[in-house]
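Engineer: Show me the folded form of this:
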Amino acid sequence: MTENLPPTDEQTIRCPRLGHQISFSFCRIESKGLPCFKTLDCWYAHFPVEAHLKTELSPEQWEKSFDRPSQPKMASLLELIEQAKKVKKQET
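Structural biologist: Numbering: from 1, shown residues only. Below you'll find the model as predicted:
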């Protein structure tokens, strides 16, 4: 495996926000198509995630993902609930 390649979907880790196993591909698009703000914290021990994302994201995308103040936990949870409702609605 090349050093900067992300893990495949077969490799999962426990998400501290959602509380279950997820793959890097989910973390990569979790925030409206951008990486979750915790992606660097969660994946640094598994592969050079920061180097990988810096080559993949534009400076603007990097800033939106990692160089912004984090939301309060309640606002984050409400946003995740709304996203889940939209997905469920689209599936029905």
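Engineer: tell me the secondary structure for Phe26?
Structural biologist: Secondary structure assignment for Phe26 (DSSP: H, G, I helix; E, B strand; the rest coil): helix.
Engineer: any idea of the pLDDT on it?
Structural biologist: If you check Phe26, the pLDDT there is 95.
Engineer: swap in Glu91?
Structural biologist: pLDDT, Glu91: 83.
Engineer: same check, this time on Gln61
Structural biologist: As predicted, Gln61 sits at a pLDDT of 95.
Engineer: Now do stretch 35-42: distance from first to last residue.
Structural biologist: 11 Å (CA to CA, to the nearest Å).
Engineer: buried residues in that stretch?
Structural biologist: Buried residues in stretch 35-42, counting neighbours by 16 or more other CB atoms under 10 Å, are found at 35-39, 42. The way it works is simple: take the backbone N, C-alpha and C, and place the C-beta from them, glycine included.
Engineer: can you check stretch 50-66 too?
Structural biologist: Quick answer for stretch 50-66 (16+ other CB under 10 Å): 52-53, 57, 62, 64-66.
Engineer: ok, those vs Gln11, which is closest?
Structural biologist: Nearest to Gln11 among the buried residues of stretch 50-66, counting by CB to CB, is His52 at 14.0 Å.
Engineer: so where's this protein shaky on pLDDT?
Structural biologist: Across the chain, residues meeting the criterion (pLDDT under 70) sit at 1-4, 69-71.
Engineer: most centrally placed residue in it?
Structural biologist: Cys27 (2.5 Å; CA atoms, centre = their mean).
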